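> Curious how this folds, go ahead:
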Amino acid sequence: MKKKIPYILALLVFIVSLIATAYSIFRFVTYEKTSCTVVDIESYRDGKIVQLQYTVDGTVYERESRYGRGKSIKMGEELSIWYDPDGPSKTVRVRDFAAYYWLLAIMGGGLFLIPSIGLLIRFTNRNQNKRENE
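All right, here's what the predicted structure looks like:
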């Protein structure tokens, strides 16, 4: 039984990471698009902190966003933003699947796949040894 524990743990890690990834992607694709306006810009050493204002169902929301150096942005500029319909204060500026979603899925898959291949080879060898001994 002790030899099976690492494989069971690998399977659990795979399942949890798969569920977390699927949930994150599902939540992310349900975000709705709206426009926001740049209402304040504060420059700092590495870029700018921009205050964005947007309206959802008559309620005005504000959020800060960081922009790196070289990014051109002006007061009053209209930008697209995506918000969570269940919590409009949660937003993203770019609706793109982040690399860490895929990294999480690949890591979980690898943690499951590598031990599974090892188990498959072990059981195949065990069956061959039994046949040879008979």
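> Excluding sequence neighbours, find me the nearest residue to Glu78.
Excluding the flanking residues, the one nearest Glu78 by C-beta to C-beta, 6 or more residues apart in numbering is Ser35, at 5.1 Å. Using the backbone N, CA and C atoms, a C-beta is placed for each residue, glycine as well.
> again with Tyr83
Going by C-beta to C-beta, 6+ apart, Tyr83 has Thr91 as its nearest residue, at 4.7 Å.
> sec struct for Ser72, please.
Of the three states, Ser72 takes coil under DSSP: H, G, I helix; E, B strand; the rest coil.
> How much space separates it from Arg66?
Separation of Ser72 from Arg66 (C-beta to C-beta, to the nearest Å) stands at 15 Å.
> for Ile19, same thing?
Using C-beta to C-beta, Ile19 is found at 31 Å from Arg66.
> still on that earlier bit, right, and the residue nearest to Glu78 touches Ile81 too?
Yes: using C-beta atoms under 8 Å, Ser35 makes contact with Ile81 at a distance of 7.2 Å.
> Neighbour count: the two, which is higher?
Ile81 (21 against 11; other C-beta atoms under 10 Å).
> about what we covered before: give me the more crowded residue out of Ser72 and Arg66.
Counted by other C-beta under 10 Å, Ser72 and Arg66 do not tie: Arg66 has more neighbours, with 12 against 7.
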